[in-house]
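Engineer: Need the 3D shape of this:
(chains A and B)
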Protein chains: 2
Amino acid sequence: MTLPPEFALIARHFLPLAGEGALGLSDDAALLDVPPGRQLVLAADAMIAGVHFLPDDPPNTIGRKLLRVNLSDLAAMGAVPLGYLMTTAFRRGTTDDWIAGFVAGLAEDQRSFGLAALGGDTVTTPGPTCLSLTILGSVAPGRAIRRVGARPGDDIWVSGTIGDGALGLRVLRGELPDDAAGHLARRYRLPEPRLALGQAIAGVIHAGMDVSDGLVQDLGHLCRAAGCGAELDAAAVPLSPAAAALIAGDAALLPAILTGGDDYELLFTAAPTAAAAVQGASRAAAVPVTRIGRMVEGAPEVQVRGADGRVLTLTRGGWSHF
Amino acid sequence: MTLPPEFALIARHFLPLAGEGALGLSDDAALLDVPPGRQLVLAADAMIAGVHFLPDDPPNTIGRKLLRVNLSDLAAMGAVPLGYLMTTAFRRGTTDDWIAGFVAGLAEDQRSFGLAALGGDTVTTPGPTCLSLTILGSVAPGRAIRRVGARPGDDIWVSGTIGDGALGLRVLRGELPDDAAGHLARRYRLPEPRLALGQAIAGVIHAGMDVSDGLVQDLGHLCRAAGCGAELDAAAVPLSPAAAALIAGDAALLPAILTGGDDYELLFTAAPTAAAAVQGASRAAAVPVTRIGRMVEGAPEVQVRGADGRVLTLTRGGWSHF
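Structural biologist: Purely as a prediction, here's the structure:
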C-alpha cells in the first residue's frame, strides 16, 4: 500500500522540521510537556501571498517571515519560544523546489530561535498561497508584558529602527530606489523578533507590544489600554542609515515611516526612574532602544510633534501642520 | 482616533468568542494556565472553500465543522478540550451577515463542547476563504491514545456509522438523492467529535485514531505504525439507515463508504479480552461501537473481505473481486 502524495510531501519536507512532542507528525495531535511552573503564551498569524508577502519573494524568506512575526508576538509578551503548529494552503501548481526552499528557511530559523514544529496541516488551494502559524511560548506566571499599564509621565521607548519594513516594501515594488546593501528589502522580508529584549524588559516596564501595524496606530493601542494620551517626537524616532538617506531626499516619506507597519520592533513605556534599567536590558540583549516620547494625561490619542515642536496631523496618506 | 475596520470587526464578531486567557483579544498573545499535572495536546487543521467545504454551505455550519474536525483530533488522543486559536482569511466581499452566521455557529459549538477562543488573526484574501484552527487539549501524562500499538489478534473497532459524510457530500452535489431527514448532508457539514468515547477508551485500547481520510486508508496507518496487517469485514462496517438504504439500491457505493472520508469516527484496536471494557466505555459515552475486523500477522496492509468472505481489491474508483 503506497502512501498518497500528501503524506510523501509531509515526510519529505515537513518531518525534518518536527521536534520533540510532534510524534513524528504521524499521530492526530502533538503532546507537549509545558515546563513546570510556567504559563503558556499563544499567538497566531496568517499570511496571504500578494497581501502579506510578495508572490515572487524568495521562498526561503516566506516561512521565516511567518515564523518571525509570530516570534515577535512572543517577544512582545516577554516569552520564551516553545514550538509552533503551521497550516499551509499552497497555491495549486506550487513546485517541490519552492516548498523545499520554504522549508529550508524555516529549518534555519528554527535553529536560530530554538524551537521546532509540533504539527500542522498541508493542503492545496485554487487561490493564492495562504499560510497560518500558531506559536507557543512560556513565561513565569504574572511576568508577561501586557499592553495595559502605561501611566502618564512614562517614557515611550522603541527598539531598533522604525520604517525599514514599510520602505522595503516600496523598494521591492520599484517605487523607491534600493539601498546598495539591500537593507530595507531584507527588513521587509525578514523582521527581527526582539526575544532577548522582551525577556529582559519584562518586570522593568509598565506596558508594551510589538509594532506591526504602524508606530502611531500601535501607540494608540497603548493609549486606549491605559486611558491616557501620548506625545511622540517624530525627530527622535530611530532610523536606519538607509531610511535616513531616503527621508533626507524626500521628507514626505515621514508618514510611511511612522505609520507603515511591518516593523516588528518592541514599543513600550516605563517610568523615567526605570531608564537606567531599560538601558541595561538593552545592553544585555544587544538591541538598541530609543526614547521617542512620553505618556500624558488626557484623551487616549497620539500627538506627533515635528522637529520644530509643532503638532503634525495625520491626513489620508500624509501629514499636515495645524 | 477611530479604530480601523479590522479592529471593529474583531470587537463585534470575535470578542464574544474569547475565553479566559484571551485577554480580550487586545494583547499580542494569550496566556493560558495548563491544568497542573496534565500534558498538552495540540492539533491544527486548515479548510478551504470549495475544497473542504462547499462555498454555499450555511455559514453557521462552516466554523463548526472547522472546530469539530479539530475536536475529533483531540478525541482521537483521548484528550479534554482547553481552547483554540483561529485564523480566518475571508474571501474579499464576504458580508458582515456571513461572518455573523459563521461566528454564531462557533458560539453554539463552544458551549456544547466546553471551550473558547484564545486568539487568532483575521485577514482578507483575493482567493477562496481559507480557515485554520489550532486546538489545545490536555491528557493525563502517558494516557494519550496513540496510533502505534496495535497487535496481531486485536479486534478492530469503529464508533458510530461510516460513510455518511462522503455520501452527504454527493447528496449536496446533487449526485445522489437526499434522504428525507437530511441526515447525510448534516453529517458532512457537522461531524460529531467523539470526545467522551476517546476519554473513556484511553487506557483500555492498544491504538487509535480518527477516520478522516477514509476507513481503509486510515486503518492502513494503524497497520504501518504497528508493523502488522488488518482484515476488515466490509459487511460488519456500521451504516446509518440512510446510508444502508442507498447501498441497498446501488452496491457500487461500497467503495465510497469505505474510502470516502469525512467520517470523524474513532477507529481503534483492543485485545479481545478487553471487549467488555470497550463496550462499557461505549455505554458510558453513549456512543455505539462496532467490531469490524482484526489485526493479523504479516505485511502492513488492509485486506477487505466482502459478505461472501472473498477479498475485495481497491482499484481506482472502485473494487474488484480477485
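Engineer: Can you pull out the residues in contact with stretch A:149-156?
Structural biologist: Identification of contacts with stretch A:149-156 by C-beta atoms under 8 Å, 6 or more residues apart in numbering or on different chains yields A:206-207, A:219, A:222-223, A:225-226, A:228-230, A:232, A:267-272, A:274-275, A:278, A:291-297. For every residue, glycine as well, the C-beta is placed using N, CA and C.
Engineer: my bad, stretch A:122-132
Structural biologist: Residues beyond stretch A:122-132 that count as contacts (C-beta under 8 Å, 6+ apart) turn out to be A:6, A:9-10, A:14, A:44-51, A:55, A:62-63, A:66, A:86-92, A:94, B:44, B:46, B:48, B:50-52, B:87, B:89, B:121, B:125-128, B:130, B:132.
Engineer: what comes up buried for that stretch?
Structural biologist: For stretch A:122-132, the neighbour count (16 or more other C-beta atoms under 10 Å in any protein chain shown) marks A:T122, A:V123, A:T124, A:T125, A:G127, A:P128, A:T129, A:C130, A:L131, A:S132 as buried.
Engineer: In CSV, list the residues you listed along with secondary structure and pLDDT.
Structural biologist: As requested, those are arranged in CSV below (DSSP: H, G, I helix; E, B strand; the rest coil; pLDDT from 0 to 100):
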residue, secondary structure, pLDDT
A:T122, strand, 93
A:V123, strand, 93
A:T124, strand, 93
A:T125, strand, 95
A:G127, coil, 95
A:P128, coil, 97
A:T129, coil, 97
A:C130, strand, 97
A:L131, strand, 97
A:S132, strand, 97
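Engineer: from those residues, which is closest to A:D28?
Structural biologist: Nearest to A:D28 among the buried residues of stretch A:122-132: A:T122, at 15.0 Å, using C-beta to C-beta.
Engineer: Identify the bridge partners of that closest one.
Structural biologist: Here A:T122 sits in beta bridges with A:T88, going by DSSP bridges.
Engineer: Domain-wise, how is chain A divided?
Structural biologist: A:5-139, A:155-321 (automatic domain parsing).
Engineer: just the ones you listed: most buried one?
Structural biologist: Across those, averaging neighbours per residue (mean count of other C-beta atoms under 10 Å in any protein chain shown) puts domain A:5-139 on top, at a mean of 21.
Engineer: any idea of the mean pLDDT for the one helix or strand A:D210 maps to?
Structural biologist: Element membership for A:D210 (DSSP states H and E) is strand A:207-211. For strand A:207-211, the mean pLDDT works out to 97.
Engineer: how distant is it from the center of its chain?
Structural biologist: 10 Å (C-alpha atoms, centre = their mean, to the nearest Å).
Engineer: Kindly export that strand (C-alpha atoms) in PDB.
Structural biologist: Written as PDB, here are the backbone C-alpha positions of strand A:207-211 (Å, rounded to 0.1, in the frame of the first residue of the first chain):
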ATOM      1  CA  ALA A 207       3.300  48.200  29.200                       C
ATOM      2  CA  GLY A 208       4.500  47.000  25.800                       C
ATOM      3  CA  MET A 209       3.700  45.500  22.400                       C
ATOM      4  CA  ASP A 210       5.300  44.900  19.100                       C
ATOM      5  CA  VAL A 211       4.900  47.400  16.200                       C
END
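Engineer: Within the sheet, what are the partner strands of it, with directions?
Structural biologist: Assessed with DSSP bridges, strand A:207-211 is paired to strand A:265-270 (antiparallel).
Engineer: List the contacts of the strand it pairs with.
Structural biologist: By C-beta under 8 Å, 6+ apart, strand A:265-270 touches A:75-76, A:145, A:149-151, A:154-162, A:194, A:197-198, A:201, A:204-211, A:215, A:218-219, A:222, A:277-278, A:289, A:295.
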